[in-house]
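> using only what follows, build the 3D model:
(chains A and B)
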Protein chains: 2
Amino acid sequence: MKYLFALFLSLSFLSSPKAQQTDSLQIRKIFDMALTEGHAYENLRSLCKDVGARLSGSPEAEKAVQWAKALLESYEFDSVWLMPVKVPHWERGDVELAGFEGEPMSIKTLGGSVSSKGRIEAEVVEVHNFEELAALGKAAIEGKIVFFNRPMDKKLISTGEAYGGCVNQRWGGASNAARYGAVAVFVRSMSHHNDKHAHTGSMGYEDGVKKIPSVALSIQDAKALSAALKEKPNLKAYLEVNPKSFPDKDSYNVIAEIKGKVEPDKIITFGGHLDSWDVGEGAHDDGAGVVHSIEALRILKEMNYQARYTLRCVLFMNEENGNKGGKTYAAVAKEKGETHVAALESDAGGFVPRGFTMDGSANQIARMQTWEPLLEPYRLHIFEKGWGGVDIGPLKDQGVPLIGLRTDDQRYFDHHHSDSDVFENVHKRELELGAASLSAMVYLVDKYGLGESLKPIQPRD
Amino acid sequence: MKYLFALFLSLSFLSSPKAQQTDSLQIRKIFDMALTEGHAYENLRSLCKDVGARLSGSPEAEKAVQWAKALLESYEFDSVWLMPVKVPHWERGDVELAGFEGEPMSIKTLGGSVSSKGRIEAEVVEVHNFEELAALGKAAIEGKIVFFNRPMDKKLISTGEAYGGCVNQRWGGASNAARYGAVAVFVRSMSHHNDKHAHTGSMGYEDGVKKIPSVALSIQDAKALSAALKEKPNLKAYLEVNPKSFPDKDSYNVIAEIKGKVEPDKIITFGGHLDSWDVGEGAHDDGAGVVHSIEALRILKEMNYQARYTLRCVLFMNEENGNKGGKTYAAVAKEKGETHVAALESDAGGFVPRGFTMDGSANQIARMQTWEPLLEPYRLHIFEKGWGGVDIGPLKDQGVPLIGLRTDDQRYFDHHHSDSDVFENVHKRELELGAASLSAMVYLVDKYGLGESLKPIQPRD
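Modelled structure (predicted):
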């Protein structure tokens, strides 16, 4: 029935053939520019190779801030500025050792984990969820390493959904296991890809529970450990990691904007996050979103598009382990009394774009769906209610509709938070198509708005 | 307006909730089996690594026939047989040398090309189309090597369309250039990917025109040669290749079927092509289609699906340089008076599936579009009039609706007909999703048919 409603709206307020033709020509121009003279791929190469991995609080993250500021300034937007953000500062350390029976495993310490303070050696108990852990209880767990080995569900077409079904092991595994006296935690990497890359990511500790170290195992090592435990249930494994947390540091969101020509006080924000994990090069996560967002603004400027609203590209700091950039941005917007027409995010990698999801009202989603005929020639088909993005999430409290760029996610978790998230694993045209899609959606939001009313609002052309 | 029509049909004849529920459960089962206990990926590994590249007429092609027969027999379908096909036999030879100013170029002799009979050295004339060639005429072309350097159009979202806009250079470049006295032809590879892999493919000679050798240059070499010619227009290049054509050989289409339970005399044919070019491993082109088709039949058998029609998996021989398998299959069908309900083909690689195109009547296409709601949960969105496939193409004369599986094609021509079309460049889940999509479409065609009538036909559930 989705189509009937969308069709009704299309016929009722996208019926001006002149408006439709203008839009389709403008969108064609956006895609042509991205595909024939785009900057996204070279910008991503530079971010990955000249800056590299850039965890909040690291010197590389500060280098990324300067890189982004200089690049945005080179495009001569109306303004470019840094918004101060206090960020956590955690370092992986220089020791990451684990294994069993003389065989080393490929691991990554999880972000936020404490040090093992030397070598831990203990029996391993494999579990698949917190219920299983609770059922085993203290008698079985005390003094052991708990191994969370629930895989991502292959049946789910959305790998993001499969990730969502596993990630509580990574985030909460340590405190849950520590409650029963575990000494450390191994977590199976969140990936479908059968390789030796361990995938890091955030974890947290519950107040009042002993902090124990927590590391991710590569998929191949998780399988090998599980198989070995079947053979030898009292198998011992070892672990030595030396990460460290430091006091918060000063950092920045990097922002550029083009002033609106009609209602400059209303803002369309779109962005990705500038920080990444400290492994690989943060190419898909979220170098792609960074260069998508810069390119979206660059193309509209280059086309000399006269925006109604102020178009603001925001490169957020600290999505990965704290979301301080997103929270600060929303707090500043509230404090200044800024009005956001919408916020868009690209944080799904540089894969081929499939459409958009919106965290907004039924009326706003229906409005977005009326744009489908304009974007379908570019093979964008997903226009649904759904996720916006972590960085823009805090704007929801201010009633801002949030829009997430959806890319094809089959390959996303192969690379996510691992050494293989590098520039070479991003495809030039797929990246360019994503940039053009984001730019086109910004154009449409600017042209038609997403303001609420009981009746769908007429386009203003 | 497409949606209005599809919606009308959906409401009018997919309105039985029970039928829809059965279908959605069956399709869910198909995807679950492909994603959790699929054979497609391992079968592709075996075809690529145990057999390898398999050009018609080669010992490897005959090995592929035996490989496919044994695999199909292992699945205990109702019958497995070989259909004799006479195929061309061309060999690349062991010399492929070209270059200029002391620098070698990465080339591939085009399939069907004659030998250079030793080394050719001549000035190079760059052109972009046959009109430019004709305008230059004999005075400028005689005794030269013609370099066709028209790139694929980056603006086209469909890379297949961009390929279609260039491939006449490859097929007809030699005879067109020979008409003006050229001694050889260089053709820019048909790819968007900036690398050193040259992409081979078929070429042909016109009767009565001198046969001259024709080779593909890698994209990087084409760019370098073009740049060098701007500096030095009378630049000379050299070429030495020694391919050879032999008399036709005996080969086979490999066929397996499950007999229909209600109308066994009516057939749904689906397949890919077993031959490949003699470079890389023919992984995407068309190992993927081969394993998709085998898997589509295996899954329906494993589910104990009671098919109305006979389901026939056909692995065609010689799509790449003659389509003798497809032509023979259609001729045999005609001779035997077989009735085909539909023919489906997977020859778009093992990339993430996006939907289906149909070369059929408006009524048949509208019927297929009514199935969209059942397949949209698997992110299949393309249900349009369009291309079926080369192998099934000859069935069109018999009025058979032809359906092509459409995959995402952004990466397809990166690998097509080149050394990089190997198993490692196929993604497991993407391949499995393609197999499930094909299987689901076979299921729907079997369940609802595609028979013509003035009014849309009611589903038979």
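> which ones are touching the residue in the stretch 51-200 of chain A that chain B sits nearest to?
Residue of the stretch 51-200 of chain A nearest chain B, by CB to the nearest CB: residue A:154 (4.7 Å). C-beta here means a position set from N, CA and C on the backbone, and glycine is covered the same way. Residue A:154 makes contacts with A:162, A:192, B:35-36, B:429, as judged by CB atoms under 8 Å, 6 or more residues apart in numbering or on different chains.
> at 7 Å what do you get?
For residue A:154, the contact set (CB atoms under 7 Å, 6 or more residues apart in numbering or on different chains) comprises A:192, B:35-36.
> my read: residue A:268 touches residue A:442, true?
Yes: counting by CB atoms under 7 Å, residue A:268 touches residue A:442, with 6.0 Å between them.
> flag every residue of chain A that's near chain B.
Residues of chain A lying close to chain B by CB under 7 Å from any CB of the partner chain are A:3-4, A:7, A:32, A:35-36, A:154-155, A:157, A:192, A:352, A:354, A:377-379, A:381, A:408, A:410-411, A:427, A:429-430.
> circling back: for the contacts of residue A:154, pick the one with the most neighbours.
residue A:192 (22 neighbours; other CB atoms under 10 Å in any protein chain shown).
> quick check: the gap between it and residue A:232.
In this structure, residue A:192 lies at 28 Å from residue A:232, with CB to CB, to the nearest Å as the measure.
> ok, and the closest non-adjacent residue to the residue in the stretch 251-400 of chain A positioned nearest to chain B?
Going by CB to the nearest CB, chain B is nearest to residue A:381 of the stretch 251-400 of chain A, at 3.7 Å. Of all residues beyond its chain neighbours, the one nearest residue A:381 is residue B:381 (3.7 Å), with distances taken as CB to CB, 6 or more residues apart in numbering or on different chains.
> from residue B:155, how far off is that neighbour?
From residue B:381 over to residue B:155 (counting by CB to CB), the distance is 22 Å.
> more neighbours: which of these two?
For residue B:381 and residue B:155, the more surrounded residue by other CB under 10 Å is residue B:381, and the numbers stand at 20 against 13.
> isn't that one right up against residue B:354?
Yes: with contacts defined as CB under 7 Å, residue B:381 counts as touching residue B:354 at a distance of 6.4 Å.
> tell me the centre residue of chain A?
Centroid-nearest residue in chain A, with CA atoms, centre = their mean: residue A:347, separated by 3.7 Å.
> quick one, phi/psi of residue A:447?
Dihedral pair for residue A:447: phi -70, psi -40, per degrees, to the nearest 10.
> look up how far residue A:323 lies from residue A:276.
Applying CB to CB, one obtains 14 Å for the distance of residue A:276 from residue A:323.
> which of the two has more residues huddled nearby?
For residue A:276 versus residue A:323, the count of surrounding residues by other CB under 10 Å is larger for residue A:276: 31 against 21.
> number of nearby residues for residue A:235?
Each residue near residue A:235 was counted by other CB under 10 Å, and the total is 15.
> before we move on, what about the one 3 residues further on?
Neighbourhood size, residue A:238 [other CB under 10 Å]: 17.
> and if you look at residue A:98?
The number of residues packed near residue A:98 is 26, by other CB under 10 Å.
> can you pull the poorly scored residue ranges out of chain A?
When the per-residue scores of chain A are filtered using pLDDT under 70, the ranges that remain are A:1-16, A:452-461.
> the same query, at a cut-off of 50, please.
Within chain A, the stretches falling below the threshold (pLDDT under 50) are A:1-13, A:15, A:454-461.
> show me the domain layout of it.
A:2-89+A:247-448, A:93-242 (automatic domain parsing).
> and the helix or strand that contains residue A:173, what does it pack against?
If you go by DSSP states H and E, residue A:173 is part of helix A:167-178. Identification of packing neighbours for helix A:167-178 by 3 or more CB pairs under 7 Å, 6 or more residues apart in numbering or on different chains; DSSP states H and E yields helix A:130-141, strand A:145-148, strand A:184-188, strand A:214-217.
> which helices and strands sit right next to the helix or strand just after the last one?
Same thing as strand A:214-217. Beyond strand A:214-217 on the C-terminal side, the first helix or strand identified by DSSP H and E is helix A:219-231. The elements that helix A:219-231 packs onto, with contact taken as 3+ CB pairs under 7 Å, 6+ apart, are strand A:120-127.
> off-centre distance for the strand it packs on?
32 Å (CA atoms, centre = their mean, to the nearest Å).
> relative to helix A:130-141, how tilted is that strand?
With axes from the mean of the first three to the mean of the last three CA atoms, to 10 degrees as the criterion, the two stretches strand A:120-127 and helix A:130-141 enclose an angle of 140 degrees.
> so what strands line up beside strand A:120-127?
Neighbouring strands of strand A:120-127 in its sheet, by DSSP bridges, are strand A:145-148 (parallel), strand A:236-241 (antiparallel).
> what's the most buried one of these?
Using mean count of other CB atoms under 10 Å in any protein chain shown, the stretch among these with the largest mean neighbour count is strand A:145-148, at a mean of 28.
> C-alpha coordinates for that strand, CSV please?
The C-alpha coordinates for strand A:145-148 follow below in CSV (Å, rounded to 0.1, in the frame of the first residue of the first chain):
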residue,chain,number,x,y,z
ILE,A,145,37.8,-16.4,30.5
VAL,A,146,34.3,-16.1,29.0
PHE,A,147,34.2,-16.5,25.3
PHE,A,148,31.1,-14.9,23.7
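> any idea how far that strand is from the chain center?
When C-alpha coordinates are averaged (CA atoms, centre = their mean), strand A:145-148 and its chain have centres 27 Å apart.
> just the element for the spatially closest residue to residue A:31 that is not a sequence neighbour, please.
In space, not counting the residues next to it along the chain, residue A:31 is nearest to residue A:436; the distance is 4.4 Å by CB to CB, 6+ apart. Counting by DSSP H and E, the element that carries residue A:436 is helix A:428-448.
> got the CA positions of that helix in CSV?
The C-alpha coordinates for helix A:428-448 follow below in CSV (Å, rounded to 0.1, in the frame of the first residue of the first chain):
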residue,chain,number,x,y,z
LYS,A,428,35.4,4.6,-7.0
ARG,A,429,32.0,4.7,-8.8
GLU,A,430,30.2,3.3,-5.8
LEU,A,431,31.6,6.1,-3.7
GLU,A,432,30.8,8.7,-6.3
LEU,A,433,27.2,7.5,-6.6
GLY,A,434,26.8,7.8,-2.8
ALA,A,435,28.1,11.4,-2.9
ALA,A,436,25.7,12.3,-5.7
SER,A,437,22.7,10.6,-3.9
LEU,A,438,23.4,12.6,-0.7
SER,A,439,23.7,15.8,-2.7
ALA,A,440,20.5,15.1,-4.5
MET,A,441,18.6,14.4,-1.3
VAL,A,442,19.9,17.7,0.2
TYR,A,443,18.7,19.4,-3.0
LEU,A,444,15.3,17.9,-2.7
VAL,A,445,14.9,18.7,1.0
ASP,A,446,16.0,22.3,0.3
LYS,A,447,13.6,22.6,-2.6
TYR,A,448,10.5,21.1,-1.0
